[in-house]
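J.: Have a look at this prediction, sequence included:
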There are 2 protein chains.
Amino acid sequence: MIDHHPDAAPRPATRPSTGQEAGAAPGPVARPSQERGRRRRATLLEAAVGLLQEGGFTAVTHRAVAQRAGLPLAATTYYFTSRDELVAEAFALLVAGELHGMRGRLEEATPDETPEGLATALVVAMGSGAGPGDDGDRLRRLGLWQLYLQAGRDPALQVIARQWTDGCDAVVAEALRRAGYPPGRHAARIIGVLLAGLWMEHLVEGRPEAQSEAHTLLAQALRTILR
Amino acid sequence: MIDHHPDAAPRPATRPSTGQEAGAAPGPVARPSQERGRRRRATLLEAAVGLLQEGGFTAVTHRAVAQRAGLPLAATTYYFTSRDELVAEAFALLVAGELHGMRGRLEEATPDETPEGLATALVVAMGSGAGPGDDGDRLRRLGLWQLYLQAGRDPALQVIARQWTDGCDAVVAEALRRAGYPPGRHAARIIGVLLAGLWMEHLVEGRPEAQSEAHTLLAQALRTILR
DNA sequence: CGGATACCGGTACGTCCGTACCACTTTAAC
DNA sequence: GTTAAAGTGGTACGGACGTACCGGTATCCG
């Protein structure tokens, strides 16, 4: 949050005030009553998610969102009280979508019980399913993690960040259970942190051997941690 | 990098050009020849590091750096060709300092050979030594990780990000060696990723039990992974 | 079918940004 | 000491930002 308009905008009274007194401003609308309004709001949110992925946190500006959604600038201030609210909702949407994708990829991976098989499934769930050469996808996923870190400075985002971590852990625990591993108290957590760390490192550093290294390390951890 | 001035600024020729032709502009100076210039440059860099820690990546602006350093705005453009260069150098400095601090804390921790002892030493090395209630310190360390993620979008920062990862792994490997653990091929890497992941999660989510959980998980991993 | 209300969108303000400019002062070389 | 180079700093420009304003239009309820 770059604070233009630091605090308590002075309301410079640009116009001579042609009237309009004694009415509370209608203000932005979080839940539009009409169908079209709801669709417009969703379109804006979708555009914000896309910008978040492509350009990161700072790319989500009112103007960019409006342009991407094919809507006028004022629509963004009509449906969202502030940029922060827009970003927070986009973050929540992104987290939900990513968790859903992970869960889906893990369920269709049908892992066997060997550490190698489960490690493969986890690496696949981590990736998007796109080929290893897809650099655009690597960049797109950075947005999620950038916002995750931003959550460290913004309590409104922090609650979503915790949902992200908890969701990832749950997905990993479920995968371990389905693969027939005993429900160890710490095992799922260790594997989850390991998976997230390796994933993020891959997204940031882009080393070509990252995927295979992740597979090796996960398999090793599964082999030893789970007796 | 919010791209104001997207590319190839049109040079609007604001003044009627009073002369000044046929001379390559003196331009910014990366390595000042005079002592005072060197100190001023270092002061600016120091200010940039501080801003990076306190406000994150977007807080490092020419004006903020200059003000914090007690220098005029033009000093920042004199010693650094662009904001990106300023940020990159500050990132490198931050990484070097953090690695140095980690190494120092680990060396004086004199870990015993038990997994619990080493886990304690690692958690201490991760933290700054400040008490658990020091929230300002938590925020300050976020800057490093935010920049680390930004490196995923900027090749100039990416090389520094790799140095950060490699440095952390080396520190962990050294700690394992000093504690008498056998130099396993993957062990240090697993512990390093685990440590970094838990650390980052703690910084972002701020859960009160994060430190003790990190200790538990690290000890468990050390106990099982290393036979 | 008429009025209230939700929605729309063009436009504007003030702020902050990166960076350039250029007259001025200090330093160092001869 | 003179002079070229290095350093200094006040100021300016163009652009992008968040957000407010407000006349106009569509939709819904009665």
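T.: Cool, the structure landed.

J.: show me the contacts for residue A:165.
T.: Residues in contact with residue A:165, defined by C-beta atoms under 8 Å, 6 or more residues apart in numbering or on different chains, are A:192, A:196, B:201, B:205. The C-beta positions use only the backbone N, C-alpha and C, and glycine is treated the same way.

J.: Swap in 10 Å and give it another go.
T.: Contacts of residue A:165 were listed using C-beta atoms under 10 Å, 6 or more residues apart in numbering or on different chains, and they are A:95, A:148, A:189, A:192-193, A:196, B:197, B:201, B:204-205, B:207.

J.: cool, residue A:93 as well?
T.: By C-beta under 10 Å, 6+ apart, residue A:93 lies in contact with A:42, A:45-46, A:48-49, A:52, A:160.

J.: about what we covered before: and the contacts of residue A:165, which are buried?
T.: With burial judged by 16 or more other C-beta atoms under 10 Å in any protein chain shown, the buried subset of the contacts of residue A:165 is A:95, A:148, A:189, A:192-193, A:196, B:197, B:201, B:204-205.

J.: want to throw those residues into TSV with pLDDT, distance to DNA strand D and secondary structure?
T.: TSV is the format used below for the buried ones among the contacts of residue A:165 (pLDDT from 0 to 100; distance: C-beta to the nearest atom of the strand, whole Å; DSSP: H, G, I helix; E, B strand; the rest coil):
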residue	pLDDT	distance to DNA strand D	secondary structure
A:95	96	21	helix
A:148	97	20	helix
A:189	96	37	helix
A:192	96	33	helix
A:193	97	33	helix
A:196	97	29	helix
B:197	97	31	helix
B:201	97	28	helix
B:204	96	22	helix
B:205	97	25	helix
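
J.: And the furthest pair within those?
T.: By the measure C-beta to C-beta, A:95 and A:189 form the most distant pair in the buried ones among the contacts of residue A:165, at 18.8 Å.

J.: Surely residue A:104 is in contact with residue A:125?
T.: Yes. In this structure, residue A:104 sits in contact with residue A:125. The criterion is C-beta atoms under 10 Å, and the distance is 8.7 Å.

J.: So those two - more neighbours on which side?
T.: residue A:125 (25 against 12; other C-beta atoms under 10 Å in any protein chain shown).

J.: For the helix or strand where the more buried one lies, C-alpha coordinates in CSV please.
T.: Secondary structure here is read from DSSP states H and E; on that basis residue A:125 sits in helix A:115-126. Provided in CSV are the C-alpha atoms of helix A:115-126 (Å, rounded to 0.1, in the frame of the first residue of the first chain):
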residue,chain,number,x,y,z
PRO,A,115,7.3,-42.5,-1.1
GLU,A,116,8.3,-41.9,-4.7
GLY,A,117,4.8,-42.2,-5.9
LEU,A,118,3.4,-39.8,-3.4
ALA,A,119,6.3,-37.4,-4.0
THR,A,120,5.4,-37.4,-7.7
ALA,A,121,1.8,-36.7,-6.9
LEU,A,122,2.7,-33.8,-4.6
VAL,A,123,5.0,-32.2,-7.1
VAL,A,124,2.3,-32.5,-9.7
ALA,A,125,-0.2,-31.0,-7.3
MET,A,126,2.2,-28.2,-6.7
